[in-house]
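>>> take a look and give me a structure for this.
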Amino acid sequence: MSLDYLIRITGPMLEGARTTVLMFFITIILSIPLGFVITLIVKSAIKPLAWLAHGYIYVMRGTPLLLQMAFFCFGLPVIPVIGEYLVMDRFAAACLAFTLNYAAYFAEIFRGGLLAVDKGQYEAAQVLGLGRWHTLTRIVLPQMFRVALPAVSNESITMIKDTALLYAVAVPELLHFAQTAVNRDFTIMPFFIAGIIYLLMTLVLTLFFKWLERKFKFQ
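Got it, this is the predicted structure:
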C-alpha cells in the first residue's frame, strides 16, 4: 500500500468529511434551541400544547432516524396534492430529519436538567423580587446547562457518527467516498482511513466538551 495511494483516496474522503461536519453544525445549531423550546412547551400549563410536545418527542425518539430521513427525502414528495411543493434537496431533507430527531432528544435532556434544579432556587428568586425571565436566564438556565452538559456531550458525539446515515439517502459524505474506494480498489484500507477521520472528529468534540465541563464546574 503506497503512500501515493493513501493520499489519493484520503483527499475525496476529506471532501466527504466536510459534508459530515456541515451536517453536524447545522443540526447542533438548530436542534439545541428547538429542543429547549419543546422542553418549555412540555412544561406549559396549556395541556393540549404539552400533549402535542409529548407526542412529538415520543414519535421522534420511538422511530429510527433512518426511517425519518427516508420519509423526508422520499415520502414527502408523494403526498397527494401537496407533495410536489414539498420536494427538497437530499441534503436539506436530511438536515430537517436530523434537526427534528435530535431536538426531541435534547428536549428530554433539558427536561431532566430542569427537574434537577432545586425548587428552593425558584423560591429564592421570588423572594429577591426577580421576574420569571430573570429567574429563568440568571438562575435556572446556568444550573440546568451544568447538569445537562454531559448528556449533551454524549448526544453530540452520537450525532457526528449518525451522519454516516447520509450514505443511505445518496448524500456524498465521508462513508460514501470510503465505500466507493473499497468497491473500486478491492481493499478495506479506505474504511480504516474513514474510521481514523471519525475518531479525530469525535476527539475534537470530546476535548471541547471536557473544556466546557471544567469551565462550568468552577462557576
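
>>> rest of the way, CA atoms for contacts and neighbours
Fine.

>>> please name the nearest non-neighbouring residue to residue 198.
residue 161 (7.2 Å; C-alpha to C-alpha, 6 or more residues apart in numbering).

>>> what strand or helix carries the one you found?
helix 141-162 (DSSP states H and E).

>>> does residue 101 really touch residue 61, like I thought?
Yes: using C-alpha atoms under 8 Å, residue 101 makes contact with residue 61 at a distance of 6.9 Å.

>>> list the contacts for the residue nearest to residue 140 when sequence neighbours are not counted?
In space, and not counting its chain neighbours, residue 140 is closest to residue 117: 6.8 Å by C-alpha to C-alpha, 6+ apart. Contacts for residue 117 (C-alpha atoms under 8 Å, 6 or more residues apart in numbering) come out as 140, 143-144.

>>> only the buried subset of these, as a PyMOL command please.
One line in PyMOL is enough to select the buried ones among the contacts of residue 117; burial here means 16 or more other C-alpha atoms under 10 Å:
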select buried, resi 140+143+144
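
>>> between the contacts of residue 117, which is nearest residue 24?
Nearest to residue 24 among those, counting by C-alpha to C-alpha, is residue 144 at 23.2 Å.

>>> my read: the closest one touches residue 114, true?
Yes: using C-alpha under 8 Å, residue 144 makes contact with residue 114 at a distance of 5.4 Å.

>>> now the helices for the protein?
3-42, 47-62, 65-70, 90-116, 119-127, 132-134, 141-162, 174-185, 189-217 (DSSP state H).

>>> turn the ones you listed into CSV, columns for mean pLDDT.
Shown next, in CSV, are the helices of the chain (pLDDT from 0 to 100):
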stretch, mean pLDDT
helix 3-42, 91
helix 47-62, 94
helix 65-70, 94
helix 90-116, 92
helix 119-127, 70
helix 132-134, 72
helix 141-162, 89
helix 174-185, 89
helix 189-217, 90
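
>>> in CSV: those, plus distance to residue 78.
Rendered in CSV, the data for the helices of the chain read as follows (distance: least, C-alpha to C-alpha, whole Å):
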stretch, distance to residue 78
helix 3-42, 25
helix 47-62, 21
helix 65-70, 12
helix 90-116, 14
helix 119-127, 49
helix 132-134, 44
helix 141-162, 26
helix 174-185, 26
helix 189-217, 35
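
>>> out of those, which is the most enclosed?
Counting by mean count of other C-alpha atoms under 10 Å, helix 90-116 has the highest mean neighbour count of the helices of the chain, with a mean of 22.

>>> which helices and strands does that one pack with?
Judged by 3 or more C-alpha pairs under 8 Å, 6 or more residues apart in numbering; DSSP states H and E, helix 90-116 is in contact with helix 3-42, helix 47-62, helix 65-70, helix 141-162.

>>> so for residue 192, which of the ones you listed sits nearest?
Nearest to residue 192, of these and by C-alpha to C-alpha, is helix 3-42 at 10.7 Å.

>>> what's the angle between the closest one and helix 189-217?
40 degrees (axes from the mean of the first three to the mean of the last three C-alpha atoms, to 10 degrees).
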